[in-house]
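[1] mind folding the following:
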Amino acid sequence: MNGISNAVLHTVIIKTRKMTELVDFYGQGLELEEAMSFGLDHMGYSLPNAYFGFDLVGEEETVSTGAVSAWFEVDDLQTSFERFESLGAVVIYPLTKKPWGAILAALKDPDGNVFGLAQRGTNPVEIELLSRK
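    Numbers count the residues shown, from 1 in each chain. Take a look at the predicted model:
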């Protein structure tokens with residue numbers, strides 16, 4: 001096995017009791033078009049390479065925050081980071097150049113879910129994988 005797969009991330013769904021709040025938070029923070037709505041219990045965004053959605057869960061359902069984190073690659077990390085901060089995101093770590101060269105930041109959304117931002121074009125691992133295609 002050479003470490004390269006033809007699998008691609010297709011969908012990320014966050015289960016929440018604050019669906020509308022999270023849809024607005026990510027929509028504003030990532031400057032997305034209006035979210036699609038599929039009934040009263042699901043909304044989401046079609047991103048270029050994956051679907052990012054939110055399921056509304058009832059009080060009887062368990063919601064575990066922080067179990068999975070979503071990471072978004074952006075053109076202007078500083079601007080996106082500041083926009084999310086202004087929307088009330090809690091900073092886990094600010095813009096940081098990692099030992100492997102990627103420039104990343106990590107935050108928490110209003111529901112306590114961890115999400116990250118990556119400066120497009122700074123992850124040498126990703127650049128190497130793309131060059132192998």
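
[2] going forward, measure contacts between C-alpha atoms and count neighbours the same way
    OK.

[3] endpoints of stretch 16-35, how far apart?
    Its start and end residues considered, stretch 16-35 measures 16 Å (Cα to Cα, to the nearest Å).

[4] what's the average pLDDT for it?
    Averaged across stretch 16-35, the pLDDT comes to 95.

[5] mind listing what's buried along that stretch?
    For stretch 16-35, a neighbour-count test (16 or more other Cα atoms under 10 Å) marks 16-17, 19-20, 22-30, 35 as buried.

[6] could you identify the most distant pair in those?
    Using Cα to Cα, those reach their maximum pairwise distance at 17 and 30, which is 21.0 Å.

[7] looking at the buried residues of stretch 16-35, which are in strands?
    If you go by DSSP state E, these have residue 16 in strands.

[8] mind putting the buried residues of stretch 16-35 in a markdown table, distance to residue 49 included?
    Listed next are those as a markdown table, based on distance: Cα to Cα, whole Å:
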| residue | distance to residue 49 |
| --- | --- |
| 16 | 23 |
| 17 | 26 |
| 19 | 22 |
| 20 | 23 |
| 22 | 20 |
| 23 | 18 |
| 24 | 20 |
| 25 | 20 |
| 26 | 16 |
| 27 | 16 |
| 28 | 19 |
| 29 | 18 |
| 30 | 15 |
| 35 | 16 |
